[in-house]
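Trainee: okay, sequence plus prediction incoming.
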Amino acid sequence: QPLVKKEAIVSPLTGAIKALNKVDDQVFASEAMGKGIAIEPTIGKVFAPVDGVVSILFPTGHAIGITSEEGAEILIHVGIDTVQLEGKYFSPKVQQGDRVKKGDLLVEFDIEKIKEAGYQITTPVIITNTNQYMEIVETNQQRIEAKEGLLTLVI
């Protein structure tokens, strides 16, 4: 019997769950960057989905990458095309290279202001090293609270 390893990724956000292929951005919807799920956030706070290291933090604060202690590479991209806001309405609480614990606050963002500026806040949560896993199982919940189970990675 092969040894199957699993890693649980908790939700970095509170909100409604949306299938990745329903996201209004071809790069995410096509899974070109990896498998995952999207969340329509109702609270403007991104929390660490795992214990790990902040491997990427865009200077604009709209996207953050975390590498878990188990090796999962997780990209959290708040909103669609929000890089164009050039950091407005985003307030990072960590820096690239920081060690984080599951549940630590990573970024705050202003949902209303981002929407008023004409951007969607749909937030893809992607496993960018998808090919290192046999299976990535998404939650079947419709809504999720931050820090609840979101993805299960099977090695």
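Mentor: Great, that's in hand. The shown structure was predicted, so the numbers you read here are calculated from the model rather than taken from an experiment.
Trainee: which parts of this protein are helices?
Mentor: Per DSSP state H, the chain carries helices over the ranges 26-29, 111-116.
Trainee: closest to Arg143 out of these?
Mentor: Between Arg143 and the helices of the chain, the tightest spacing by Cβ to Cβ is seen for helix 111-116, at 15.6 Å. Just so you know, the C-beta spots here come from the backbone N, C-alpha and C atoms, and that holds for glycine as well.
Trainee: tell me the mean pLDDT over the closest one?
Mentor: Helix 111-116 comes out with an average pLDDT of 98.
Trainee: cool, stretch 141-153 as well?
Mentor: This predicted structure assigns stretch 141-153 an average pLDDT of 96.
Trainee: distance from that stretch to the middle of the chain?
Mentor: Going by Cα atoms, centre = their mean, to the nearest Å, the spacing between the C-alpha centre of stretch 141-153 and its chain's C-alpha centre is 11 Å.
Trainee: buried residues of that stretch, list them for me.
Mentor: By neighbour count, with 16 or more other Cβ atoms under 10 Å as the criterion, the buried positions of stretch 141-153 are 144, 146-147, 150-151, 153.
Trainee: from the residues you listed, which two are the most distant?
Mentor: Every pair in the buried residues of stretch 141-153 was compared (Cβ to Cβ); the two farthest apart turn out to be Ala146 and Leu153, at 18.9 Å.
Trainee: need the helices of the chain in TSV with mean neighbour count and distance to Lys93, can you?
Mentor: Shown next, in TSV, are the helices of the chain (neighbours: other Cβ atoms under 10 Å; distance: least, Cβ to Cβ, whole Å):
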stretch	mean neighbour count	distance to Lys93
helix 26-29	15	24
helix 111-116	14	17
